[in-house]
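Asker: sharing a model that was predicted from the sequence below.
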Amino acid sequence: MLTGNVAAQFIGLLAAPVITRLYSPEQFGIMVFIQAVAGAFSVIACFRYRSAIVLPKEDSEGYNLFILSMFTVIITSSLLMLFILLFIDPIANITGFQGYKNYLLFIPLVVACSSVKDVLVYFHTRLKKFRIIAISTFLVPFVTASTKIIAALLFTASAFWLIVGNALGSIAAAMFLVYFIVGLFPEIKNNVNLANMKIVARNYRRFPQYNMPTNFVNNISQSLPVFLLTFFYSNEVVGFYGLASLILKRPVSLMSQSLGKVFLQKSSEIQNQGGDLYISLKKTTLGLVAIGFLPFFLLTLGGKWIFGYIFGINWAEAGLYAQVLAPWLFIALINRPSNQIYIVKQKLRFLMYFNYLLIIVRLFSLYLGYLIFHDALYTVLLFSISGVVMNLYFIFNAFVITRKGN
């Protein structure tokens, strides 16, 4: 799993300098906006039943959750397409996407493709086919990057191919995953019916009731800069922000996913044995500080030069966005152990309220930045500062609850 993740990240980073030399910041910005909107709806596409697929002891329940998840993806994507077709002009006006409204029609396609792929990944996780999952994880960026590069060289560079490339990456991975469960189709067919689907939907209703809204709010919170920068400024600005955010978040995401599962297991063990979580949290957090400080410090100082050299002179401005985002993403890197502490300590109510507060703070900082500065870079800077402050409080409070032994 880790190998597949690392390989996927490497392919994405390797292809990025080629793609940025073929496509303009404005085209990249259109893709980033479509992906952000699709990402928000992907969270609710299967009502989060996909997360429950791995839980049942009986395979028959797992099969019914799998088909239920697929069914809800189809229904959600179809309703989303109908809604966009009926209200495409008002949606374009509200989002500031008037000149590119036809691209909004790609949103349901991206939602369906990515959601189906994710459901299949969870089903394979239940089957413990981790090697297959790792290969599918690698396939996504490989097909995505290949499509974007080949299409630009053979046809023309446009936002269309950037979006289609993302969709084809998910489709390729989904087809690969389906191939390895074809033999289970007769068994799935024998165990799945409408009555059983209703039963598992009721038994696991906490996922759409609680897990879905929390994750939806988290996703919207993460995508707020994309939405508001599109509305306040331009797709070119979104392109610069999108590239900077994408490049910086990749190593953060990789380390967080790898460390998070290990630290959660270790912390649970320490908690059950009555050990000192404070010491474990301190050592892990300081370890991440030592790992991340130098690269993020260098990005903060010389992001413009680094991005201009690697991605091309047209993308040097994206380096300025990387400079102002680097402190926030550095703190986001070191807060992963703190997040797991809240789970171990079962401070789930605090997590929920903190995430609600976070989206309000982010919205306020972006709007205030626009009102005061009328400059995209300073708006993102204020957003980054608010992220640093909120994450520092998040980490500080985690240390407090481990010190008190609450």
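Answerer: Everything's here; your move.

Asker: helices or strands up against the helix or strand encompassing Ile132?
Answerer: Using DSSP states H and E, the element containing Ile132 is helix 130-154. Under the contact definition 3 or more CB pairs under 8 Å, 6 or more residues apart in numbering; DSSP states H and E, helix 130-154 sits against helix 2-22, helix 106-126, helix 159-179. Heads up, the C-betas are built off the backbone N, CA and C, glycines and all.

Asker: okay, those in TSV with mean pLDDT next?
Answerer: Shown next, in TSV, are these (pLDDT from 0 to 100):
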stretch	mean pLDDT
helix 2-22	88
helix 106-126	95
helix 159-179	98
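
Asker: any idea which of those helices is most buried?
Answerer: helix 106-126 (a mean of 23; mean count of other CB atoms under 10 Å).

Asker: you'd agree Gly387 is up against Trp328?
Answerer: Yes - taking CB atoms under 8 Å as the definition, Gly387 is a contact partner of Trp328 at 3.8 Å.

Asker: please render the helices and strands packed on helix 130-154 as CSV that adds distance to Arg336 to the earlier fields.
Answerer: Formatted as CSV, those follow (distance: least, CB to CB, whole Å):
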stretch, distance to Arg336
helix 2-22, 15
helix 106-126, 21
helix 159-179, 26
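
Asker: quick one: closest of those to Gln340.
Answerer: Nearest to Gln340 among the helices and strands packed on helix 130-154 is helix 2-22; the distance by CB to CB comes to 17.5 Å.

Asker: flag every buried residue along stretch 227-245.
Answerer: Using 16 or more other CB atoms under 10 Å as the test for burial, stretch 227-245 gives 227-230, 232-233, 235-245.

Asker: contact partners of it?
Answerer: Stretch 227-245 has contacts (CB atoms under 8 Å, 6 or more residues apart in numbering) with 16, 20, 24-33, 36-37, 95-97, 100, 225-226, 303, 307, 311, 315, 317-322, 325, 363, 366-367, 370, 376, 379-380.

Asker: could you point out which element follows the lowest-mean-pLDDT helix or strand in the chain?
Answerer: Counting by mean pLDDT, DSSP states H and E, the chain has its least confident helix or strand at helix 235-272, which shows a mean of 80. Remark: after helix 235-272, the chain's next helix or strand is helix 277-311, criterion DSSP H and E.

Asker: helices or strands up against that next one?
Answerer: Helix 277-311 packs on helix 2-22, helix 235-272, helix 316-334, helix 336-344, helix 376-404, going by 3+ CB pairs under 8 Å, 6+ apart.

Asker: so which of those helices is nearest Gly169?
Answerer: With distances scored as CB to CB, the stretch of the helices and strands packed on helix 277-311 nearest to Gly169 is helix 2-22 (10.0 Å).

Asker: compute the inter-axis angle for that closest one and helix 159-179.
Answerer: Orientation check (axes from the mean of the first three to the mean of the last three CA atoms, to 10 degrees): helix 2-22 against helix 159-179 gives 160 degrees.

Asker: quick one: distance of helix 2-22 to the chain centre.
Answerer: 16 Å (CA atoms, centre = their mean, to the nearest Å).

Asker: which residues touch that helix?
Answerer: Residues from elsewhere that reach helix 2-22 (CB under 8 Å, 6+ apart): 28, 133-138, 140-142, 145, 148-149, 152-153, 157, 243, 246-247, 250-251, 253-254, 257-258, 310-312, 314-315.

Asker: got a quick ChimeraX command for the buried subset of those?
Answerer: Buried residues within the contacts of helix 2-22, by 16+ other CB under 10 Å, are selected in ChimeraX with:
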select :28,133,134,135,136,137,138,140,141,142,145,148,149,152,157,243,246,247,250,251,254,311,315
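
Asker: between helix 130-154 and the helix or strand hosting Gln35, find me the angle.
Answerer: Assessed by DSSP H and E, Gln35 sits inside helix 25-45. Inter-element angle recorded for helix 25-45 and helix 130-154: 150 degrees (by the same axes, to 10 degrees).

Asker: what average pLDDT does helix 25-45 get?
Answerer: Per-residue pLDDT values over helix 25-45 give a mean of 96.

Asker: for it, packing partners?
Answerer: Counting contacts by 3+ CB pairs under 8 Å, 6+ apart, helix 25-45 packs against helix 59-95, helix 106-126, helix 159-179, helix 212-232, helix 235-272.

Asker: ok, 10 Å please
Answerer: Where contact means 3 or more CB pairs under 10 Å, 6 or more residues apart in numbering; DSSP states H and E, helix 25-45 is packed against helix 59-95, helix 106-126, helix 159-179, helix 212-232, helix 235-272, helix 316-334.

Asker: quick one: closest of those helices to Lys347.
Answerer: Proximity to Lys347 (CB to CB) singles out helix 235-272 among the helices and strands packed on helix 25-45, at 12.3 Å.

Asker: the closest one to helix 159-179, inter-axis angle?
Answerer: Helix 235-272 and helix 159-179 are oriented at 30 degrees to each other (the same axes, to 10 degrees).
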